[in-house]
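Enquirer: okay, predicted coordinates and the sequence, questions at the end:
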Amino acid sequence: NISRSDTTYVSSVGCAGLSDLSARDRKKALASCNDLLFHQIDSVDPEVVVTLGNEALVATTGKSGIASHRVGPAKHSTATETPLIPTVSPWACLAQESQFKFLVTDIGKVVNPAPVFTPPKYTVVDNDTDSEYLLQSYINESEKTEPSTLVLDIEVAMEKDINFEHPDRFDMLCIGFKYADYPIVVFADDALSDTFYVLLKTLADKSKVVAHNGKFDLAGLYSGAGEITLSFDTMLASYVFDERTGIHGLKYLAQEYLGAPAYDDEVTALVGPKKDFGAIPKEILYKYNAYDIHCTYLLWEMYEKRFDKEPELRKVHDFLIDASNMLRQVERNGLKVDEEYLDEL
């Protein structure tokens, strides 16, 4: 809750007919009011400023595009030291109901700022001797304790957030995971022996497997490791708390809730128009894989806490997990079609 007595409203745009101007003239009109705007802000000396709508974003930061700039923690402007939280305008919420959730989320950042993001520490294993030894040590450890978490993520020559292909049709570039509280490990392609996959299957069967869009990752592992059961999916957890589409990708959630940087920018610039992850230099790919694991693990911790407060929603997540495990087999095996009857239809 934010008390009204703790809130000051400053009019950043008071120009009649602003919407009738071209984008260039609108930017000039907003700039002409900047001195007054920042004088008003400085006179209040606020802890944080929430900018409502795209014009307010342009006026305070010089940048446009509220949909992308609102994501993540507070932003900063060269004109003021006060943190800025861009969000959609109330008018946008009235015109389109789905925008209201963004407004609620962003206002929440005033009292619940995003955590400070710490980049992941990880090790790359590039030979089968070390990979098999490490997996066996994890298996030995798993036999001494209750099932621990195993956060998995694979990289093949396509990106699961933007393509809709079967991952087992592409070469495996690397596999990353975090077991229990141990550091993140990225296994390069030279470390992926037949014995590695057998040991991975053994470890997964003794663990609670966590992934983001895990149906994709486990489908990619099937040809080597066989059937692995998914226990928790951070993408499905995101859908449980917010049914809107287009906001459940790992990179979006990492920026919005973890304060993570746009760590996929470097990769996006390298994959080319064919989105071929095989074209990425290995050291960059391994770093990207480690970030995916790290962010999935942090999101899993976050959603576990949220489910503890709303146990009924956990039941919804668990139902979706059962469906995901079943659908993975359907997608792999396909469906029989009566071609003659289909022609008749």
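Expert: Now that the structure is in, tell me what you want to look at.
Enquirer: quick one, helices of the stretch 151-300 of the chain?
Expert: Here the stretch 151-300 of the chain has its helices, by DSSP state H, counting those that start in this stretch, at 194-205, 214-225, 234-241, 250-258, 265-271, 282-309.
Enquirer: check the nearest residue in space to T87 that is not next to it in sequence and give its pLDDT.
Expert: Distances taken as C-beta to C-beta, 6 or more residues apart in numbering put D106 closest to T87, at 3.5 Å, once the chain neighbours are dropped. (C-beta placed from N, C-alpha, C; glycine too.) D106 is assigned a pLDDT of 91 by the prediction.
Enquirer: and D106, how many neighbours?
Expert: Using other C-beta atoms under 10 Å, D106 has 21 neighbouring residues.
Enquirer: tell me which residues touch it, please.
Expert: By C-beta atoms under 8 Å, 6 or more residues apart in numbering, the contact set of D106 is V50, R70, I85, P86, T87, V88.
Enquirer: relative to F38, how far out is the second one?
Expert: In this case it means R70. Separation of R70 from F38 (C-beta to C-beta, to the nearest Å) stands at 21 Å.
Enquirer: swap in the fourth one?
Expert: When C-beta to C-beta is applied, the distance between P86 and F38 equals 16 Å.
Enquirer: and the residue nearest to T87, how far is that from L230?
Expert: On the measure of C-beta to C-beta, D106 and L230 end up 32 Å apart.
Enquirer: again with E340
Expert: E340 sits 37 Å away from L230, going by C-beta to C-beta.
Enquirer: again with A29
Expert: 53 Å.
Enquirer: repeat that for G334.
Expert: Distance of G334 to L230, computed by C-beta to C-beta: 20 Å.
Enquirer: these two: which is more packed in?
Expert: Shown here are G334 and L230; by other C-beta under 10 Å, L230 has more neighbours (21 against 7).
Enquirer: E165 versus the residue nearest to the spatial centre of the chain, what's the distance?
Expert: Centrality entry for the chain: nearest residue to the mean C-alpha point is L250, 2.0 Å, by C-alpha atoms, centre = their mean. Note on L250: its distance to E165, by C-beta to C-beta, is 17 Å.
Enquirer: then D276?
Expert: 12 Å.
Enquirer: who's more crowded, R70 and F38?
Expert: R70 (21 against 18).
Enquirer: and the nearest residue to the more buried one once chain neighbours are set aside, which of the three is it?
Expert: Closest residue to R70 apart from its sequence neighbours, by C-beta to C-beta, 6+ apart: P86 at 4.6 Å. Following DSSP: H, G, I helix; E, B strand; the rest coil, the label given to P86 is strand.
Enquirer: what sits opposite P86 in the beta ladder?
Expert: T51 (DSSP bridges).
Enquirer: my understanding was that it contacts H69; is that so?
Expert: Yes: counting by C-beta atoms under 8 Å, H69 is a contact partner of P86 at 5.0 Å.
Enquirer: neighbour-wise, which of those two wins?
Expert: More crowded of P86 and H69, by other C-beta under 10 Å: P86, with 26 against 18.
Enquirer: how close does D130 sit to I85?
Expert: Taken as C-beta to C-beta, the span from D130 to I85 is 46 Å.
Enquirer: then A29?
Expert: For A29, the distance to I85 equals 23 Å [C-beta to C-beta].
Enquirer: and these two? which has more neighbours close in?
Expert: Using other C-beta under 10 Å as the criterion, A29 and I85 rank with I85 on top: 20 against 16.
Enquirer: test my guess that the more buried one contacts V110.
Expert: Yes: between I85 and V110 a contact is recorded at 6.6 Å, counting by C-beta under 8 Å.
Enquirer: for the protein, what are the low-confidence residue spans?
Expert: Where the chain drops to pLDDT under 70, the residues are 1-21, 23, 30, 158-164, 272-275.
Enquirer: how deep is L345 tucked in, by neighbour count?
Expert: 5.
Enquirer: please apply the same query to S22.
Expert: By other C-beta under 10 Å, 8 other residues sit near S22.
Enquirer: how about the one 10 residues further on?
Expert: Around S32 sit 10 other residues, with neighbours defined as other C-beta under 10 Å.
Enquirer: swap in I184?
Expert: Using other C-beta under 10 Å, I184 has 22 neighbouring residues.
Enquirer: without its sequence neighbours, what residue ends up closest to R244?
Expert: S98 (5.5 Å).
Enquirer: next up, phi/psi of the one you found, please.
Expert: With angles defined as degrees, to the nearest 10, S98 sits at phi -60, psi -20.
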